[in-house]
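what's the 3D shape of this:
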Amino acid sequence: MSRGPSIVLLLAACAGSPEAPGASASDGSTAALTITGSTSTTGTSAEPTTSTSSSDGTTGSNPFIHAPDGGGMKECDLFAQDCPAGKKCAPHSADGDNSWETLKCVDVVPNPAGVGEPCEVFGPIASGEDTCDVGVMCQFIDWDTSTGTCVAHCAASPGSSDEPLCAPGSFCAITGDGVLNLCLPTCDPLAQDCPNALLCIHDKYDERWVCALDASGDEGQAFDPCLHRDACDPGLHCAEPEFAVECDAMASGCCLPLCDLDLPNTCPGQGQECVAWYPPGYAPPGLEQVGQCALP
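Residues are numbered from 1 along each chain as shown. Predicted coordinates:
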């Protein structure tokens, strides 16, 4: 596939080995996130990988959002959207970098864009000023054009923000003290059903498959070397090189196809079979047929 423009929020990069079912990899600097409450940050790099913590105690990398890098006076409440008329409460970088660390009221543009619609950011990427409506912010942003897609903030449950709500097909990820919350899309890895040409990749700390930006560029085809989970074309994942004899044994990872356990074997590698992604009995509902091409 051809190289697209450079992209901001490419945060699926794993610093260590690529993931495989039952295996873990180092992610380098991280920042804590939670699905249902406030959290603290543990990493402040310009493009940190972030981590989600679910209600059952599992954690997961989040390939979409920059973590906050410090405190700051908050002008408004993201759940309450308590700004004056014509304004919205938005995550904002007070120091002008690419990490949101506080909240402020910003102007809502005329005819603002809704969830899933194209959007534009004004000024720095984390300025908080964009063309999205109240309760929505511009994400998946292209560095070169400052354009992206509107993503909804989580909504507070009636009477409480401790159990935030998102539309079906997404989950709520919240950074420290509510500085940033987003309804991030989940997806079907076999259907690769993410919108706007996004990848459907595995969240290696829990069992979600989530949409992420495609960082493969001209590479990312079957048997190409890879470093990160977002570095392979749709329908492929960054696997261990020993899963195929065609892979470079010295590479950190190798792009290999996902496959459907219910279909005939279509794996391209010599001697490869479609093997189950999840151990028996551990597949989430609806993902029982997810497999990967590997040597048995």
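
where in this protein is pLDDT low?
The model of the chain has pLDDT under 70 over residues 1-72, 159-162, 175-178, 205-206.

got the residue ranges for the helices in it?
Assigned helices in the chain: none (criterion: DSSP state H).

Residue 80 and residue 249, how far apart?
To residue 249, residue 80 is 55 Å away according to CB to CB, to the nearest Å. Where C-beta positions appear, they are placed from N, C-alpha and C, glycine not excepted.

same thing with residue 86?
60 Å.

Which of those two has more residues huddled nearby?
Taking other CB atoms under 10 Å, residue 86 and residue 249 do not tie; residue 86 has more neighbours (11 against 8).

Which residue, neighbours along the chain excluded, lies closest to the more buried one?
Nearest non-adjacent residue to residue 86, counting by CB to CB, 6 or more residues apart in numbering: residue 108, 5.9 Å away.

ok, now residue 156?
That would be residue 79: by CB to CB, 6+ apart, it lies 4.1 Å from residue 156.

about what we covered before: please look at the residue nearest to residue 86 and residue 133 and confirm they touch.
Yes - the pair residue 108 / residue 133 is scored as a contact, 6.7 Å apart, by CB atoms under 8 Å.

Any chance you could list residues touching both of the two?
Common contact partners of residue 108 and residue 133 (CB atoms under 8 Å, 6 or more residues apart in numbering): residue 88.

Do a quick rundown of the strands in the stretch 101-250 of the chain.
Per DSSP state E, counting those that start in this stretch, the stretch 101-250 of the chain carries strands over the ranges 102-107, 118-120, 136-139, 147-152, 155-157, 160-165, 170-174, 181-185, 199-202, 209-212, 236-239.

Contacts made by stretch 114-127 with the rest, please.
Stretch 114-127 has contacts (CB under 8 Å, 6+ apart) with 8, 66, 91-93, 96-100, 113, 129-133, 136, 138, 141, 143, 145-152, 167, 195.

and with 6 Å instead?
Contact partners of stretch 114-127, identified using CB atoms under 6 Å, 6 or more residues apart in numbering, comprise 8, 93, 96, 98, 100, 113, 129-133, 136, 138, 141, 146-148, 150, 152.

now the residues you listed: which count as buried?
Burial by neighbour count, 16 or more other CB atoms under 10 Å: within the contacts of stretch 114-127 this picks out 8, 93, 98, 100, 113, 129-133, 136, 138, 141, 146-148, 150, 152.

Using JSON lines, please lay out the strands of the stretch 101-250 of the chain together with distance to residue 224.
Supplementary listing: the strands of the stretch 101-250 of the chain in JSON lines, determined by distance: least, CB to CB, whole Å:
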{"stretch": "strand 102-107", "distance to residue 224": "41"}
{"stretch": "strand 118-120", "distance to residue 224": "30"}
{"stretch": "strand 136-139", "distance to residue 224": "27"}
{"stretch": "strand 147-152", "distance to residue 224": "27"}
{"stretch": "strand 155-157", "distance to residue 224": "41"}
{"stretch": "strand 160-165", "distance to residue 224": "39"}
{"stretch": "strand 170-174", "distance to residue 224": "30"}
{"stretch": "strand 181-185", "distance to residue 224": "26"}
{"stretch": "strand 199-202", "distance to residue 224": "15"}
{"stretch": "strand 209-212", "distance to residue 224": "18"}
{"stretch": "strand 236-239", "distance to residue 224": "9"}
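
These: which one's closest to residue 218?
Closest to residue 218 of the strands of the stretch 101-250 of the chain, according to CB to CB: strand 236-239, at 14.4 Å.

Show me what the closest one is packed against.
strand 254-260 (3 or more CB pairs under 6 Å, 6 or more residues apart in numbering; DSSP states H and E).

if we go to 10 Å?
Contacts defined by 3 or more CB pairs under 10 Å, 6 or more residues apart in numbering; DSSP states H and E place strand 236-239 against strand 199-202, strand 254-260, strand 290-294.

most neighbours per residue, which of those strands?
Among the helices and strands packed on strand 236-239, strand 199-202 has the highest mean neighbour count (mean count of other CB atoms under 10 Å), at a mean of 26.

Can you tell me the strand partners of that strand and which way each runs?
strand 209-212 (antiparallel) (DSSP bridges).

what number of residues lie near residue 261?
16.

and it, what does it touch?
Neighbour list for residue 261: 190, 274, 275, 276, 277, 283, 288, 289, 290, 291, 292 [criterion: CB atoms under 10 Å, 6 or more residues apart in numbering].
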